[in-house]
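A.B. asks: Predicted coordinates and the sequence they were generated for:
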Amino acid sequence: MDNWTERKRNFDEQYPRKRFNSDNNDSQYQRDRARVIHSSAFRRLQSKTQILGIGENDFYRTRLTHSLEVAQIGSGISEYLHEKYIENSEYVRWLPSLSLIEAIGLCHDLGHPPFGHGGEVALNFSMLRYGGFEGNGQTLRIVTKLSEYSPENGMDLTRRTLLGLIKYPTPYSQVVNYKNEEPITSINLDDWHPPKCILDDEINELDWILLGMPKNDKELFKSVVTNAESHSEAMFKSFDTSIMELADDISYGVHDLEDGIALRLINESMWYNDVVDKIVKYSSNDIVKNIGFYTEKLFSVSNKDRKHAISKLIGHFISSVYISENNNFTTPLLRYQASLPEDSKAVLKVLKKFVMKRVIKTPEVQVLEFKGQQIVLRLFEVLKENPKRLLPSTTLQQYERAENKERVLCDYISGMTDNYATKLYHKLFSPSMGSIFDRL
């Protein structure tokens, strides 16, 4: 038994709330939420890209405001389900408290690097020979190892909070599958998106989180769907994760739609062609029934009208959520799932594709994403070749002690904000930038 597991087991004995029970004592989840809010990793999200580059405009979402909104929507879903199933004591018993689901929502994106998903792909490319990189996996790494609250155990969060954070309970090495075994060029990274996973360095942490569950449940929970042409995919998620993921999808599909309209990247003609024409077949859906109202309000000259429509869209999705069951599991936190009806799920999927096409994949946004990728690639390359000269002293100490030294470099770069990464890049490569008085 390693020290990490021993310490955690001792902590469980002192604080029984660490186990998967659901009583009225919410203090441990309040503690989890407080530790997330006061962490340096959470503060850095204020200067990390969500969809659009930091500094382009002060209206749209950053990774921090997105996380706050996911936490709020997640708590809204949880509260709605408490009321909807108030007569079902078993469902109510296992529904997350507001403190718990907020803690999960607030820290679900802690592991995402600078420059959004472009930065994530660049770091994965740099780490291909050293265990790869994936933002959700890095989140687990931060909260269990890297954060500042304990010497070895990161934020030292409760087991249930950690379970709720794991979107993909499978290690990188078991799901990765690239067409090319060796990178050809770093100029185009389209073929090097990471698999959805945890990192292999956190396999022991996953085992501890699942400790106490029946063996069959654990094995089924970690199973994957294989794909000969691309990465394998995790099949299952926990009850709390299903609520958080719905909140994340709703925020992405609705709030990023709001940003796109406000910044005039999306117009009414695009809305009709890419959304209205595709959802009209779901005639029983309330959004489709009231599509005239949504169109008028979303594209009104009044930002109050637009916000009214956005609020009603979010309210529709929250009030559509229901609890389904997968009877292949005996553990309630794996058996129960928050789900959307097929029509609402289809409408949300259309909204997400619309945002992807009309905002994320536009040349204007892709130019910024490409620039961010090249910054990340170059920083990794230079720091790898010059660690003793360029790494801050505390990072260098970790680097010298580590077996996988590249993982320490990856941790360092992924923790950077967009602004910090850009400044460091210019300090290293722009002749007129940088001073001995600049602190690293």
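C.D. replies: Ah, there it is.
A.B. asks: ok, now how distant is residue 352 from residue 254?
C.D. replies: In this view, residue 352 and residue 254 are 9 Å apart by CB to CB, to the nearest Å. For every residue, glycine as well, the C-beta is placed using N, CA and C.
A.B. asks: Comparing the two, which residue is more hemmed in?
C.D. replies: Neighbour totals were compared for residue 352 and residue 254, and residue 254 leads with 23 against 17 (other CB atoms under 10 Å).
A.B. asks: Surely that one touches residue 315?
C.D. replies: No. Residue 254 is not in contact with residue 315 according to CB atoms under 8 Å; the separation is 10.2 Å.
A.B. asks: Tell me the gap between the strand or helix carrying residue 313 and the middle of its chain.
C.D. replies: If you go by DSSP states H and E, residue 313 is part of helix 303-320. Computed by CA atoms, centre = their mean, to the nearest Å, the chain-centroid distance of helix 303-320 equals 23 Å.
A.B. asks: any chance you could read off phi and psi for residue 325?
C.D. replies: Main-chain torsions, residue 325, degrees, to the nearest 10: phi -130, psi 140.
A.B. asks: So it is in contact with residue 335, correct?
C.D. replies: Yes. Contact criterion CB under 8 Å: residue 325 and residue 335 qualify, at 5.5 Å.
A.B. asks: Which one's more surrounded, the two?
C.D. replies: residue 335 (17 against 12).
A.B. asks: how deep is residue 34 tucked in, by neighbour count?
C.D. replies: For residue 34, the neighbour count with other CB under 10 Å is 12.
A.B. asks: so where do the helices sit in the stretch 251-400 of the chain?
C.D. replies: For the stretch 251-400 of the chain, applying DSSP state H, counting those that start in this stretch gives helices covering 256-262, 268-271, 277-279, 286-289, 291-298, 303-320, 332-335, 342-355, 363-385, 387-390, 393-401.
A.B. asks: Would you mind finding the most buried of these?
C.D. replies: A comparison of these by mean neighbour count, using mean count of other CB atoms under 10 Å, puts helix 256-262 on top with a mean of 21.
A.B. asks: Next, the buried residues of stretch 405-417.
C.D. replies: 406, 407, 408, 409, 410, 411, 412, 413, 414, 415, 416, 417 (16 or more other CB atoms under 10 Å).
A.B. asks: To clarify, my last question referred to stretch 122-132.
C.D. replies: Across stretch 122-132, burial judged by 16+ other CB under 10 Å covers 122, 123, 124, 125, 126, 127, 128, 131, 132.
A.B. asks: Tell me which of those residues fall in strands.
C.D. replies: Assignment to strands by DSSP state E places none of the buried residues of stretch 122-132 there.
A.B. asks: need the residues you listed in CSV with pLDDT and distance to residue 374, can you?
C.D. replies: As requested, the buried residues of stretch 122-132 are exported to CSV (pLDDT from 0 to 100; distance: CB to CB, whole Å):
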residue, pLDDT, distance to residue 374
122, 96, 8
123, 97, 12
124, 97, 15
125, 95, 11
126, 96, 12
127, 96, 16
128, 94, 17
131, 96, 22
132, 97, 19
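A.B. asks: How about residues contacting the helix or strand harbouring residue 66?
C.D. replies: Residue 66 is part of helix 63-84 when elements are defined by DSSP H and E. For helix 63-84, contacts defined as CB atoms under 8 Å, 6 or more residues apart in numbering pick out 42-43, 45-46, 48-50, 61, 91-92, 95-98, 101-102, 104-109, 112, 116, 243-244, 246-248, 250-251, 255, 314, 318-319, 321-323, 338.
A.B. asks: tell me the contacts of residue 353?
C.D. replies: Shown in contact with residue 353 (CB under 8 Å, 6+ apart): residue 274.
A.B. asks: Pull up the gap between it and residue 259, please.
C.D. replies: Distance from residue 353 to residue 259, by CB to CB: 16 Å.
A.B. asks: circling back to that earlier point, which of the buried residues of stretch 405-417 sits closest to residue 187?
C.D. replies: Closest approach to residue 187 among the buried residues of stretch 405-417 (CB to CB): residue 413, at 19.3 Å.
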